[in-house]
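Colleague: A predicted structure for the sequence below; I have some questions about it.
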Amino acid sequence: MSVMIVTSLGDITVDLFTDECPLTCKNFLKLCKIKYYHNCIFHTVRKNFTIQTGDPTGTGSGGDSIYKFLYGSQARFFSDEIHPNLKHSKMGTVAMASSTGTGEKNLNASQFYITLRDDLDSLDGEHTVFGEITEGFDTLNRINEAYVDGKGKPYQNIRIKHTYILYDPFDDPSKLDDLIPDASPERNPKDEIDDDVRLEDDWMPKDEELGVREEKEAHSRAVILESVGDIPDAEMKPPENVLFVCKLNPSTKEEALYIIFSRFGTVTSAEIIRDHKTGNSHCYGFIEFEDKESCEQAYFTMNNTKIDDRRIRVDFSQSVAKLWPQYRRPRNQIGSGVDAIKQQKEHKKQHGGDCNSNYSKFLKTRKETRKHKGRKHRQITKTR
């Protein structure tokens with residue numbers, strides 16, 4: 001997944017086609033990063049066809065690309081990236097819309113639409129398909145049921161509240177930091193144009209709104225962390241002795257991380273998150289230390305250093321994803337369920353020898369858990 005869009009009617013998760021449409025995906029991700037879409041309304045809802053948003057003016061004829069902010073007004077629009085293999089074949093297809101409201105080609109900026117049913121062949125070859133919805137179809141259905149006027153504009157405003165970037169493969173341009181605001185745009189942006197007053201879909205008295213908004217934002221952050229790490233419970237608190245490591249070289253192994261980070265203290269586990277089908281590295285992982293002090297020392301020393309010719313990023317873990325292996329492991333990984341917990345406890349008792357011997361003992365403990373996978377793994381699966 002790449003981006004979670006939090007709307008006033010629910011959350012939507014979008015996977016982006018970054019390889020096929022790099023220009024479009026980079027534009028979308030960087031606009032999300034500068035909070036450009038926050039409080040934009042879904043200005044057009046065509047029942048069982050498409051919903052459209054991304055225009056701060058709310059008219060369907062506004063919006064700017066990230067390239068305008070970076071390079072000037074002459075770069076407001078960018079060209080289509082239409083691929084014959086990317087079609088409007090299923091509900092939840094995400095594609096760029098013309099920011100002039102005319103439907104002309106090569107006038108992409110910030111507006112995009114999402115399809116509400118399968119097989120919209122008439123749109124193929126006309127617009128850049130750059131993503132698809134993977135979660136939140138119930139939210140799409142709720143937007144689809146909105147009451148609209150003759151122009152397709154909902155009588156009650158449906159807004160994008162927040163956008164959370166889950167994965168961004170593109171480096172940030174040098175000027176991007178200057179474009180990121182401290183807070184989201186106001187609920188009613190000054191440049192939003194409307195001929196009549198519309199109710200907000202989630203309207204409530206001001207004193208109630210503040211408390212509910214804070215509660216929703218806190219829960220959304222927890223859900224984001226759950227999505228990133230595929231953790232068992234969004235309410236779990238992150239451990240203080242775990243580092244999150246990202247931008248790893250795909251060839252980097254757990255053994256290398258274990259040895260490198262052991263210089264700062266006792267490492268109880270070093271895990272790289274991998275695809276559960278292919279086993280390929282997702283280029284991020286978690287390092288668990290025996291104590292908080294070692295974790296802090298590793299953070300201040302290792303952030304922005306190179307491992308296997310890749311400059312890594314290190315941060316304190318803001319999720320409890322590291323705890324997930326205690327509940328479930330993919331079938332192609334060693335150890336699972338209760339055995340994984342026992343494995344960690346057993347390892348914490350063994351600190352003798354150098355880093356290499358420690359890691360050898362750790363691997364040996366993991367291998368010994370293979371014989372226990374059957375019945376215990378099924379029991380844990382049933383209780384999830």
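Modeller: Structure received.
Colleague: downstream neighbour of the strand or helix carrying Ile5 in the secondary structure list?
Modeller: Element membership for Ile5, per DSSP states H and E: strand 3-7. Downstream of strand 3-7, the next assigned helix or strand under DSSP H and E is strand 10-16.
Colleague: still on that earlier bit, the strand holding Ile5 pairs with which strands, and in what direction?
Modeller: strand 10-16 (antiparallel), strand 160-165 (antiparallel) (DSSP bridges).
Colleague: what sits against Met96?
Modeller: By CB atoms under 8 Å, 6 or more residues apart in numbering, the residues touching Met96 are Thr24, Asp80, Asn108, Gln111, Phe112, His127, Thr128, Phe130. Backbone N, C-alpha and C define where each C-beta goes, glycine included.
Colleague: mind doing that once more with 7 Å?
Modeller: Thr24, Asn108, Phe112, His127, Thr128, Phe130 (CB atoms under 7 Å, 6 or more residues apart in numbering).
Colleague: now it: how far from Glu104?
Modeller: Taking CB to CB, to the nearest Å as the measure, Met96 and Glu104 are separated by 12 Å.
Colleague: low pLDDT regions in the stretch 251-384 of the chain?
Modeller: When residues are selected by pLDDT under 70, those of the stretch 251-384 of the chain lie in 317-384.
Colleague: quick one, helices of the chain?
Modeller: 22-33, 66-71, 137-144, 206-229, 254-261, 292-302, 337-348, 355-368, 373-383 (DSSP state H).
Colleague: next, the angle from the fifth one to helix 292-302.
Modeller: With axes from the mean of the first three to the mean of the last three CA atoms, to 10 degrees applied, the angle from helix 254-261 to helix 292-302 works out at 100 degrees.
Colleague: please save the CA atoms from helix 254-261 in CSV.
Modeller: Provided in CSV are the C-alpha atoms of helix 254-261 (Å, rounded to 0.1, in the frame of the first residue of the first chain):
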residue,chain,number,x,y,z
GLU,A,254,19.5,-10.2,9.2
GLU,A,255,22.9,-11.5,10.2
ALA,A,256,24.6,-8.3,9.0
LEU,A,257,22.2,-6.1,11.0
TYR,A,258,22.6,-8.3,14.1
ILE,A,259,26.4,-8.0,14.0
ILE,A,260,26.5,-4.3,13.1
PHE,A,261,24.0,-3.2,15.8
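Colleague: surely Glu280 touches Ile272?
Modeller: Glu isn't right for residue 280; it's Asn. No. If you go by CB atoms under 7 Å, Asn280 and Ile272 don't touch, sitting 10.1 Å apart.
Colleague: name the residue in the two with the higher neighbour count.
Modeller: Ile272 (19 against 9; other CB atoms under 10 Å).
Colleague: the more buried one against Ser281, yeah?
Modeller: Yes. Ile272 is within contact range of Ser281, at 5.3 Å (criterion: CB under 7 Å).
Colleague: joint contacts of these two?
Modeller: Joint contacts of Ile272 and Ser281 (CB under 7 Å, 6+ apart) are Leu248.
Colleague: make TSV out of the strands paired with strand 3-7 and add mean neighbour count and mean pLDDT.
Modeller: As requested, these are exported to TSV (neighbours: other CB atoms under 10 Å; pLDDT from 0 to 100):
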stretch	mean neighbour count	mean pLDDT
strand 10-16	21	95
strand 160-165	20	93
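Colleague: format those as JSON lines; extra columns: distance to His276.
Modeller: Putting these into JSON lines (distance: least, CB to CB, whole Å) gives the following:
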{"stretch": "strand 10-16", "distance to His276": "16"}
{"stretch": "strand 160-165", "distance to His276": "23"}
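Colleague: phi first, then psi, for Asn39.
Modeller: The phi and psi values for Asn39, taken as degrees, to the nearest 10, are phi 70, psi 10.
Colleague: what's the spacing between it and Tyr164?
Modeller: Asn39 is 15 Å from Tyr164, by CB to CB.
Colleague: for Gly54, same thing?
Modeller: Gly54 is 16 Å from Tyr164, by CB to CB.
Colleague: was I right about Ala146 contacting Lys47?
Modeller: No. Applying CB under 7 Å as the test, Ala146 and Lys47 come out as separate, 8.6 Å apart.
Colleague: these two: which has the busier surroundings?
Modeller: Just comparing Ala146 and Lys47: by other CB under 10 Å the higher neighbour count belongs to Ala146, 19 against 14.
Colleague: in contact with the more buried one, which residues are there?
Modeller: Val45, Pro154, Gln156, Ile158.
Colleague: which two of those have the greatest separation?
Modeller: Using CB to CB, the contacts of Ala146 reach their maximum pairwise distance at Val45 and Gln156, which is 10.9 Å.
Colleague: these two: who's more crowded?
Modeller: In terms of neighbours (other CB under 10 Å), Val45 is the more surrounded of Val45 and Gln156; the figures are 21 against 16.
Colleague: would you agree the more buried one is in contact with Ile143?
Modeller: Yes. Contact criterion CB under 7 Å: Val45 and Ile143 qualify, at 6.2 Å.
Colleague: quick one: average pLDDT of the strand holding Ile5?
Modeller: Strand 3-7 shows a mean pLDDT of 94 in the predicted model.
Colleague: got it, and stretch 80-90?
Modeller: Summarised as a single mean, pLDDT over stretch 80-90 is 95.
Colleague: sorry, back to before: closest to Asp64 among the contacts of Ala146?
Modeller: Ile158 (21.9 Å).
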